[in-house]
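J.: Coordinates for the following, if possible.
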Amino acid sequence: MILASVVSFAQTSITCDSVLQTSTCAGGNIIIPFQTTGTFPFGNVFTAELSDNWGNWGNPSVLGTTLFVIGGNGIIFGTLPANANFGFLYRVRITSTNPVDTSGDSPNTVVITQIAQLNQIVSAPGDSACPGDTITLYALNLASSYLWSTGDTTQYITVTTSGVYSVTTTDFLTCESTATDTIVFDPSLCTGIAESESAIGMNLYPNPATHQVVLQINTQLSSDAYCIIRDVSGNEVMRKQLTNTDLSEEISLTEIAPGMYFVSVYSDRGTAVQKLIVE
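T.: Numbering: from 1, shown residues only. Below is the predicted model of the structure:
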């Protein structure tokens, strides 16, 4: 008589418990607890999956994985997809690889109310300048709060030293986005004028302005001095030659759309930059 040896696993099941979101932002963290019965052998992988924003499972996204359960209890620390769409009906489930099994949907839905906009730093007049000059860094995102690597909490900062600068913006639904920019102050960009002689004093008024702004210079300029107005993306919108005799220039803004701009003055005595708001 020949006895057949049959190896079988006890019946298994997976139950997805209520999930916990730390944020309703795409790209935020999510905690998925689950329970199991039966035996899942070594090498099995539990995976937390996310449905589409209508709760359908045609093309699920992976939130996270784990290899372990303790006493039938497991937990997966996951991350919501950064490209997830707005929705209130997302569901989570747990799958296993050995044996192949799938839980039912999570008792509660996942809510994604906001997709953090890609942040960007705009530098004016550019990412490089002569030592002794200044560069203004502007966070393009409109946000409820700003935190720069310098500790500043304003939408823009002025820097005078080379380095990598970053800003984290938090929008009105607590979604965060971080951007960085590398700034270089290079002596090769200098005109040869000593630092003590290179400062230009300038003032813009009124600011904010509507139809025109007055550019006032308190330093004698050379005949080849000029002024450039750039938008927050660094695009030049106006260029004006400055004379060495008239230190107060009226600049018409009738062809400039409302918004934030950077006004730069260049001369052999140095460079100066100021922010201008056009209403």
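
J.: Find the nearest non-adjacent residue to residue 60, please.
T.: residue 49 (4.0 Å; C-beta to C-beta, 6 or more residues apart in numbering). (C-beta placed from N, C-alpha, C; glycine too.)

J.: mind checking pLDDT for the one you found?
T.: Looking at residue 49, its pLDDT reads 98.

J.: residues near it, how many?
T.: 20 (other C-beta atoms under 10 Å).

J.: do the same with residue 226
T.: Residue 226: 13 neighbours (other C-beta under 10 Å).

J.: Identify the residues contacting residue 230.
T.: 124, 125, 236, 237, 261, 262, 264 (C-beta atoms under 8 Å, 6 or more residues apart in numbering).

J.: Narrow those residues to just the buried residues.
T.: 124, 125, 261, 262, 264 (16 or more other C-beta atoms under 10 Å).

J.: Can you name the residues that contact the last one?
T.: Taking C-beta under 8 Å, 6+ apart as the criterion, residue 264 is in contact with 124, 125, 227, 228, 229, 230, 271, 272, 273.

J.: Test my guess that residue 267 contacts residue 241.
T.: No. Counting by C-beta atoms under 8 Å, residue 267 does not reach residue 241; the two are 11.1 Å apart.

J.: Give me the more crowded residue out of these two.
T.: Neighbours per residue (other C-beta under 10 Å) separate residue 267 from residue 241, with residue 267 holding more: 23 against 10.

J.: For residue 201, see how far away the more buried one is.
T.: Using C-beta to C-beta, to the nearest Å, one gets 12 Å for the distance from residue 267 to residue 201.

J.: thinking again about what came up before, widest-spaced pair of the contacts of residue 230?
T.: Maximum pairwise distance in the contacts of residue 230, criterion C-beta to C-beta, is 13.1 Å, between 125 and 237.

J.: picking that back up, closest one of the buried ones among the contacts of residue 230 to residue 62?
T.: residue 124 (41.6 Å).

J.: quick one: the closest one from residue 137, how far?
T.: 8 Å.

J.: Next: residue 130.
T.: Taken as C-beta to C-beta, the span from residue 130 to residue 137 is 17 Å.

J.: So which of the two has more stuff around it?
T.: residue 137 (23 against 18).

J.: Need the pLDDT of the more buried one.
T.: 91.
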